[in-house]
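> Quick one: sequence and predicted model below, then my questions.
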Amino acid sequence: MKLDFTYYNPTKIYFGKNSLDNLAGELANYGENILLVYGKSSIKKNGLYDKIMAILSDCDKNVVELSGIKSNPSYTQIMEGTRLVRENNVDLILAVGGGSVIDCSKGISVSAYCEGDPWERYWTNFEPVDNKIVPVASILTMAGTASEMNGGSVITNEEKKIKNGRVYGPEVYPKFSILNPEYTFTVPKYQMVSGVFDVMSHLMEQYFSGDDDNTTDYLIEGVLDSLINATRAALKNPEDYEARSNIMWCATLGLNTITGLSKTQDWEVHMIEHQIGAYTDCAHGVGLAIVSIPYYKYIYKYGLNKFVRFAKKVWGVDTDSMTKEEAALAGIDKLADFIKEMGIPTTLREIGATEDMLPLIAESTIPGGGYKQIGSAEILEILRQCY
Ligand code: NZQ
Ligand code: ZN
């Protein structure tokens, strides 16, 4: 743990089958005006909406609703939310859904009382937030992003065709998050595996950088091991509580900052995916899976030892009779096999990308990297390989 760090995570987590029982007690800490933010239809179909509305009514709350938050939430929806917050003097934003709903709620939280253009100030110039922040809390229905326990807010500006992530400080983290794995039973398989790959990608973005003997890397290997086992079980039986609960907690651990402590990090797969998302509106984890294999095949030579370790520790590859190069590639092949096992698409064509988009995506991607810094020409090459 050679790099200094400060660790502080203020989100209170209620986890398990009875976790919703804690909502009423928490609501007592806030004023009466609640903005309930949710997605298109899932919480109405599975009955969660009715349960939450009953609790809000018992607690004498005035509820204003912002529904229809899309996957890859848009800046336009944030602006709609800010109007509702100001008009109704909202005391708490309650996000019910996956990462998109929670990210959108955090965006509303920092933007409602912002002087000037929040997109320019907070998602482009990354200015510190200097205005009133409306508290956010979440009830999670889909495992993946860890937005339930971090300060991330990834927003798509559809007009500008930019999907930008911003990581806010602890004052923007959800005050509390309710995680009941049973709520994820109804997540369709495509979304479930997209969420699983998002978790894997968060862990790998933090793992594939630096070569020190760091406790964080051992932790990442353990979380990946649990996630892979749990995913195989959940694919067989989507209502396997133990599997779903492990996936849910792996997801939270994957990006609540604990698996990044004292580490340099990569995040270039995410940078590329964000622009793929801005052009195709794909499911986030699916875009990540498509980019990961050509990306890692491009950079593994610059972090050879770590890729050998990945093959051995995460995938159990017997590397004794292999060269380092063969061992590293064997680990990447295992990752590719797992993507296929989950049934995730492996090409950009399958998610609606067209060839003319590739240079536009490459040019608009923020360059960077872990073991190797790459720029737009290399990004374009990677995109061509997964087209
Ligand atoms: O809209 P509804 O009808 O609710 O359907 C949603 C949506 O279509 C559905 N769903 C969610 N819970 C369900 C369910 N369907 C049935 N039963 C349930 N219980 O799932 C679909 C996807 O939901 P979404 O919230 O979009 O997925 P996810 O959690 O993967 O969030 C993706 C967004 O988060 C951003 C991504 O870029 C993307 O915009 N990220 C946020 C991060 C953060 N805050 O730290 C980090 C990530 O790297 C990521 O960038
Ligand atoms: Zn992600």
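Yep, that arrived. Here the structure is a predicted model, which is why all the values come from computation and not from measurement. Ligands and ions are numbered 1, 2, ... in the order given.
> Give me the distance between the residue in the stretch 201-350 of the chain that ligand 1 sits nearest to and P170.
Residue of the stretch 201-350 of the chain nearest ligand 1, by Cβ to the nearest ligand atom: H284 (3.8 Å). Placement of C-beta: from N, CA and C, glycine included. Computed as Cβ to Cβ, to the nearest Å, the H284 to P170 distance reads 24 Å.
> What residues does this structure have near ligand 1?
Contacts of the chain with ligand 1, taken as Cβ under 6 Å from any ligand atom, map to 39-42, 46, 71-72, 97-101, 103, 141-142, 144-147, 150, 152-154, 165, 183-184, 186-187, 191, 195, 198, 255, 270, 284.
> Dead centre of the chain: give me the residue that sits there.
With distances taken as Cα atoms, centre = their mean, the residue of the chain nearest its centroid is T145 (2.2 Å).
> In contact with the residue in the stretch 101-250 of the chain positioned nearest to ligand 1, which residues?
For the stretch 101-250 of the chain and ligand 1, the shortest gap (Cβ to the nearest ligand atom) falls at G152, measuring 2.5 Å. Neighbour list for G152: D103, K106, T145, A146, G165, R166, V167, Y168, L255 [criterion: Cβ atoms under 8 Å, 6 or more residues apart in numbering].
> now the residue lying farthest from the centre of the chain, what's its secondary structure?
Seen from the C-alpha centroid of the chain, the residue lying at the greatest distance (Cα atoms, centre = their mean) is S321, 37.6 Å away. The three-state assignment at S321 reads coil, by DSSP: H, G, I helix; E, B strand; the rest coil.
> any idea how far it is from A327?
Distance, S321 to A327, using Cβ to Cβ: 9 Å.
> The helix or strand of the chain with the lowest mean pLDDT packs against which elements?
Within the chain, confidence by mean pLDDT, DSSP states H and E is lowest for strand 162-167 among all helices and strands, at a mean of 94. For strand 162-167, the packing partners by 3 or more Cβ pairs under 8 Å, 6 or more residues apart in numbering; DSSP states H and E come out as strand 152-157, helix 268-280.
> And these: which comes nearest G368?
Proximity to G368 (Cβ to Cβ) singles out helix 268-280 among these, at 5.1 Å.
> next helix or strand past the closest one?
Where DSSP states H and E defines the elements, the next helix or strand beyond helix 268-280 is helix 284-299.
> what is the rounded mean pLDDT of that next one?
Taken as a whole, helix 284-299 has a mean pLDDT of 98.
> got the buried residues for it?
Residues of helix 284-299 classed as buried: 284-299 (neighbour count, 16 or more other Cβ atoms under 10 Å).
> go on, stretch 83-94?
The neighbour-count check on stretch 83-94 (16+ other Cβ under 10 Å) flags L84, V85, V90, D91, L92, I93, L94 as buried.
> mind putting those residues in a markdown table, secondary structure included?
Output for the buried residues of stretch 83-94, formatted as a markdown table (three-state DSSP):
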| residue | secondary structure |
| --- | --- |
| L84 | helix |
| V85 | helix |
| V90 | coil |
| D91 | coil |
| L92 | strand |
| I93 | strand |
| L94 | strand |
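> could I get those as a markdown table with pLDDT?
Formatted as a markdown table, the buried residues of stretch 83-94 follow (pLDDT from 0 to 100):
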| residue | pLDDT |
| --- | --- |
| L84 | 98 |
| V85 | 98 |
| V90 | 98 |
| D91 | 98 |
| L92 | 98 |
| I93 | 99 |
| L94 | 99 |
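> Residues contacting the lengthiest helix in the chain, please?
For the chain, the longest helix by residue count, based on DSSP state H, is helix 215-236. Outside helix 215-236, the residues that touch it by Cβ under 8 Å, 6+ apart are 1, 189, 192-193, 196, 199-200, 203, 206-207, 240, 242-244, 246-247, 250, 253-254, 258-263, 309, 313-314, 338, 341-342.
> Which is the succeeding secondary structure element to it?
helix 241-254.
> now that next one: how far from the chain's centre is it?
14 Å (Cα atoms, centre = their mean, to the nearest Å).
> which strands and helices sit next to that helix?
By 3+ Cβ pairs under 8 Å, 6+ apart, helix 241-254 packs against strand 12-15, strand 176-179, helix 189-207, helix 215-236.
> re the thing from before, the residue of the stretch 101-250 of the chain closest to ligand 1 bridge partners, please.
V167 (DSSP bridges).
> Pull the number of nearby residues for the residue lying closest to C114 once chain neighbours are set aside.
Of all residues not flanking C114 in the chain, N131 sits nearest, at 5.2 Å (Cβ to Cβ, 6 or more residues apart in numbering). Neighbour count for N131, taken as other Cβ atoms under 10 Å: 15.
> Could you tell me how far N131 is located from P118?
For N131, the distance to P118 - Cβ to Cβ - is 9 Å.
> Quick check: neighbours shared by these two?
V110.
> And the pLDDT for D212?
87.
> If we ignore the residues flanking it in sequence, what's nearest it?
K2 (5.6 Å).
> I'd like the next helix or strand past the helix or strand hosting L304.
Taking DSSP H and E as the criterion, L304 maps to helix 304-315. Where DSSP H and E defines the elements, the next helix or strand beyond helix 304-315 is helix 324-342.
> unless I'm mixing things up, the residue of the stretch 201-350 of the chain closest to ligand 1 is touching D103, no?
No: counting by Cβ atoms under 8 Å, H284 does not reach D103; the two are 10.4 Å apart.
> joint contacts of these two?
T145.
> what comes into contact with stretch 320-339?
For stretch 320-339, contacts defined as Cβ under 8 Å, 6+ apart pick out 197, 200, 228, 289, 292-293, 296-297, 300-301, 304-305, 307-308, 310-312, 314-315, 317, 319, 346.
> Likewise for stretch 70-87?
Applying Cβ under 8 Å, 6+ apart, the external contacts of stretch 70-87 come out as 35, 37, 39-40, 64, 66, 68-69, 90, 93, 98, 100-101, 103-105, 107-108, 111-114, 118-119, 123, 134, 154-159, 163, 277-278, 281, 283-284.
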